[in-house]
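Asks: Pasting the sequence and the predicted coordinates here, then a few questions.
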Amino acid sequence: MTLTILRAYSPSQAVQSFGSTAKILANYNKVRSNGEFGRENDIWPIFESAQQILESSMAVKNRATLNVNWSIGKGNWAHVPWIAFLDSRETKTTREGIYCVYLFREDMSGIYLTFNQGVTTLIEEQGRKTAEETLKSKATELRERSRYLLKEGFQLDDEIDLRTEKSLGTAYEKSTIAYKFYPQDSIPSDEELLQNLDTVLKAYDDYLGDSKPEKRKEWVFQANPKKYNLKGALQELKQKTWLVSQHKEDIRKGEKVYLWESGPEGGIVAVARTLTDPLMMEADRAEQKYQIDTEKFSGERLRVRIDIEKVLEKPLKRAELETHPVLSSMAVIKSFTGSNFALTEEEAEALERLIAGVEVKADLLEICQSFSSALRNSHISFGSRHDELVRAFVASLATKRFVILTGLSGSGKTQIAIKFGEWLGDGKCLVVPVRPDWTGSEAIFGYEDAIQPLKDGRRAWHVTEVLGFMIKAAHDPQNPYVLVLDEMNLAHVERYFADALSGMESMKDCLPNLQEEMDKQWRLVPNPREKIPFPGNLFIVGTVNVDETTYMFSPKVLDRANTFEFRVGADELSENARKPVPCPPGPQALRRGFLRIATDDGWHLNNPASGLTSFTERLGNLHRLLSLANFEFGHRVFYEAIRFAAMHEAAGGSDVDKALDLQVMQKILPRLHGSRRRLEPTLCLVGKFCFDLAAPKNSESKDPRTLFDPLSPPAGEPKLPLSFDKVRRMTQSLRANQFTSFTD
């Protein structure tokens with residue numbers, strides 16, 4: 001869907017059409033009446049989504065100088081919220097100039113698409129009465145030049161009615177040049193909405209004197225930290241000059257510039273815009289203290305003046321860009337010298353997506369609370385352990401991007417995976433049922449299609465749904481994605497997923513570097529890099545079906561995942577049970593915050609668990625115990641357990657022993673399987689460990705079954721109750737069947 005953001009559906013319909021529980025027209029006043037203004041309200045992400053959708057429409061993309069902005073107020077709710085289209089050649093703000101804008105009626109009975117004027121600056125300069133006369137006069141003048149809009153169903157008069165008595169709202173009515181009204185109960189099709197938008201934007205183009213506006217170029221300007229202190233300058237200067245040594249005939253006023261600091265640790269540090277064409281000028285006096293090589297910058301030289309629009313909170317490092325499927329080919333990466341580098345359209349679009357102006361809120365507790373609440377609103381609840389299970393699930397994914405869910409059919413394991421994907425946002429989740437005939441990597445990674453003819457020496461590829469989704473994630477690295485492999489053990493995981501597991505662990509190139517071309521065929525991108533890394537923003541959740549038709553997981557798989565067991569408690573069975581409904585996307589700041597935490601390999605070092613010393617000591621005790629039967633774990637499990645403890649505490653877990661309990665359950669016990677003769681002593685030792693958390697004694701290396709029986713435990717509660725309950729059930733199965741595994 002494209003512009004259904006503007007529609008007024010019921011909550012359930014809204015979810016299906018746009019991934020939100022409410023639409024602006026249906027819910028704006030309801031949310032406003034609660035008085036909760038700010039990013040956390042339910043309306044804010046809907047406007048953000050509307051902005052992204054409109055920016056991706058051809059009506060906007062074909063106009064390089066057009067920007068989309070919106071407002072629901074500043075500090076307080078706007079009576080007339082709006083979504084505006086501002087051409088940078090005319091204005092960068094709705095306070096002044098001419099622009100196009102959607103205006104919502106205060107009573108939310110409909111919206112207007114308008115050709116309009118900024119009112120605020122004029123009122124401040126002229127006073128309200130005089131400003132309204134000026135606005136009305138200008139509107140009359142422009143209506144004469146835009147009369148062809150009448151044939152397209154627009155009104156050119158003063159009859160627009162925003163149903164408001166507030167001063168700014170009534171000023172909007174005076175400033176309107178042309179308008180078209182959409183009642184709340186009869187919003188037209190997406191195609192018609194976009195056609196109307198393009199029509200009014202053409203009138204805007206005509207006003208600007210260019211019905212086919214020139215496409216502006218975008219640039220990377222490079223600074224050498226040995227010659228110029230760019231970071232210091234960005235802390236103090238809002239505007240500055242920049243030397244022009246290449247492309248002096250092409251750089252123009254009003255073009256976007258990404259500021260790059262060279263060097264191995266360099267990358268993009270800020271976004272700016274050119275204020276002039278290249279001119280002979282001297283550097284500003286305020287810049288001199290940042291010039292390390294004064295001779296290079298002295299005197300009158302060819303320069304362009306730039307306005308610093310945004311200093312990046314987290315610079316885009318060269319190393320990150322070198323692994324990007326599009327941006328790795330940027331000229332500034334391939335060349336070690338130069339000041340000015342042009343971007344291709346594809347590179348410019350990729351950078352704009354990468355540097356999205358969205359707040360990142362890296363707060364695991366708030367992330368868990370948001371997802372937990374969204375699950376309940378989707379009619380999914382895990383009873384008294386609901387919040388605890390969500391905390392463990394989110395902390396596990398943040399620890400390692402691979403989770404396996406086992407358990408009873410209908411226990412909610414697939415639903416929690418799907419709902420997490422929906423919480424990540426529209427198009428961010430793919431559910432794929434694994435087939436028994438997946439016997440090789442081509443089931444995931446596709447293959448070259450030998451039947452298709454060559455094009456420029458390149459063979460077309462058969463791209464699977466999974467590979468297409470992975471490539472999509474790789475091209476959108478600032479957003480998290482989740483791939484759900486449903487019943488992933490219906491085929492040998494090691495056969496179809498080995499390359500992905502290896503690529504996920506090593507972050508080395510494993511995906512074919514493909515792009516879909518004009519003939520709708522996928523081919524390798526024509527550059528030396530034939531493969532790209534496994535996307536760092538892609539999370540894998542596998543669900544497991546257990547019966548005689550499925551396959552066991554190897555240690556290679558289990559060692560790389562947190563494994564959950566889903567059981568249904570009696571308290572979860574309710575007479576008010578309802579069928580699950582789609583989950584609304586979580587706040588974008590939280591979604592991106594989750595990704596930032598999950599991709600920060602040193603996060604647990606900067607945010608260690610408060611009881612880390614005790615935690616690691618007990619892990620060491622468990623390692624010694626397991627080594628008695630050659631079930632010990634390696635460095636990977638130890639590292640990920642420490643990382644999980646930090647994540648779990650940040651997500652709201654208050655007890656480090658609870659984190660240990662979860663790691664024994666999720667990382668240690670899934671690795672234990674075998675015959676009674678081999679496994680029973682180990683289960684007895686682990687059962688005893690669940691009570692005392694102590695290292696094994698010498699006597700226990702002989703026959704621990706004489707010291708502890710999981711089916712006849714001592715009085716009192718185990719310190720690791722979740723793990724002990726599983727040890728008890730595995731022991732029961734072992735004695736009944738002479739063999740057991742975690743999934744039995």
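Replies: Thanks, I have it.

Asks: Break the chain down into its domains, please.
Replies: 4-207, 218-354, 364-588, 601-740 (automatic domain parsing).

Asks: helix or strand for Leu135, which one?
Replies: Leu135 is part of helix 128-145 when elements are defined by DSSP states H and E.

Asks: any low-confidence regions in the protein?
Replies: 1-23, 35, 166-170, 210-215, 356-359, 410-411, 527-528, 546-550, 569-577, 698-702 (pLDDT under 70).

Asks: Tell me who's in contact with the residue positioned nearest the centre of the chain.
Replies: Most central in the chain under Cα atoms, centre = their mean is Asn479, positioned 2.0 Å from the mean C-alpha point. Asn479 is in contact with Leu424, Gly425, Lys428, Asn537, Arg591, Arg592, Leu595, counting by Cβ atoms under 8 Å, 6 or more residues apart in numbering. (Glycine included, C-beta is placed from N, CA and C.)

Asks: For the host helix or strand of Met647, which outside residues touch it?
Replies: Assigned by DSSP H and E, Met647 belongs to helix 635-650. Residues outside helix 635-650 that contact it (Cβ under 8 Å, 6+ apart) are 364-365, 391-392, 395-396, 398-400, 559-560, 562, 597, 603-604, 607-612, 615-616, 619, 623, 656, 658-660, 662-663, 667-668.

Asks: Show me which residues of that helix are buried.
Replies: 637-638, 640-650 (16 or more other Cβ atoms under 10 Å).

Asks: what's the distance between Phe497 and Trp260?
Replies: Distance of Phe497 to Trp260, computed by Cβ to Cβ, to the nearest Å: 38 Å.

Asks: typo on my end, Tyr639
Replies: Note on Tyr639: its distance to Trp260, by Cβ to Cβ, is 34 Å.

Asks: what about the helices in the stretch 401-550 of the chain?
Replies: Secondary structure of the stretch 401-550 of the chain by DSSP state H, counting those that start in this stretch: the helices cover 413-423, 442-445, 465-474, 493-496, 498-506.

Asks: Tell me which of the ones you listed sits nearest to Phe47.
Replies: Across those, Phe47 has its closest neighbour in helix 413-423 (18.7 Å, Cβ to Cβ).

Asks: For that closest one, give me every contacting residue.
Replies: 19, 370-371, 374-375, 378, 380, 389-390, 393, 397, 405-407, 428-431, 482, 484, 486, 541, 543-544, 564, 566, 580, 582-586, 591.

Asks: Among these, name the buried ones.
Replies: The buried subset of the contacts of helix 413-423 - by 16+ other Cβ under 10 Å - is 19, 370-371, 374-375, 378, 380, 389-390, 393, 397, 405-407, 428-430, 482, 484, 486, 541, 543-544, 564, 566, 582-586, 591.

Asks: Out of those, which sit inside strands?
Replies: Leu405, Thr406, Gly407, Cys429, Leu430, Val482, Val484, Asp486, Val541, Thr543, Phe564, Phe566 (DSSP state E).

Asks: May I see those organised as a markdown table, with distance to Glu300 added?
Replies: A markdown table is the format used below for those (distance: Cβ to Cβ, whole Å):
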| residue | distance to Glu300 |
| --- | --- |
| Leu405 | 67 |
| Thr406 | 72 |
| Gly407 | 74 |
| Cys429 | 57 |
| Leu430 | 58 |
| Val482 | 56 |
| Val484 | 62 |
| Asp486 | 67 |
| Val541 | 61 |
| Thr543 | 68 |
| Phe564 | 68 |
| Phe566 | 72 |
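
Asks: Restricting to C-alpha, output the strand ranked longest in the chain in PDB.
Replies: The residue-count maximum for a strand in the chain (DSSP E) belongs to strand 301-317. Extracted C-alpha coordinates of strand 301-317, given in PDB (Å, rounded to 0.1, in the frame of the first residue of the first chain):
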ATOM      1  CA  ARG A 301      41.500  29.700  -3.800                       C
ATOM      2  CA  LEU A 302      38.600  28.000  -5.500                       C
ATOM      3  CA  ARG A 303      36.200  27.100  -2.800                       C
ATOM      4  CA  VAL A 304      32.500  26.400  -2.100                       C
ATOM      5  CA  ARG A 305      30.700  27.600   1.000                       C
ATOM      6  CA  ILE A 306      28.800  24.900   2.800                       C
ATOM      7  CA  ASP A 307      26.100  24.800   5.500                       C
ATOM      8  CA  ILE A 308      26.500  22.000   8.100                       C
ATOM      9  CA  GLU A 309      23.100  20.400   8.400                       C
ATOM     10  CA  LYS A 310      23.800  17.400  10.600                       C
ATOM     11  CA  VAL A 311      26.800  16.100  12.500                       C
ATOM     12  CA  LEU A 312      26.500  12.300  12.900                       C
ATOM     13  CA  GLU A 313      26.200  11.000  16.400                       C
ATOM     14  CA  LYS A 314      27.800   7.800  15.200                       C
ATOM     15  CA  PRO A 315      30.100   8.300  12.200                       C
ATOM     16  CA  LEU A 316      29.700   5.800   9.300                       C
ATOM     17  CA  LYS A 317      33.100   4.100   9.400                       C
END
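
Asks: Right, I'll call it a day here.
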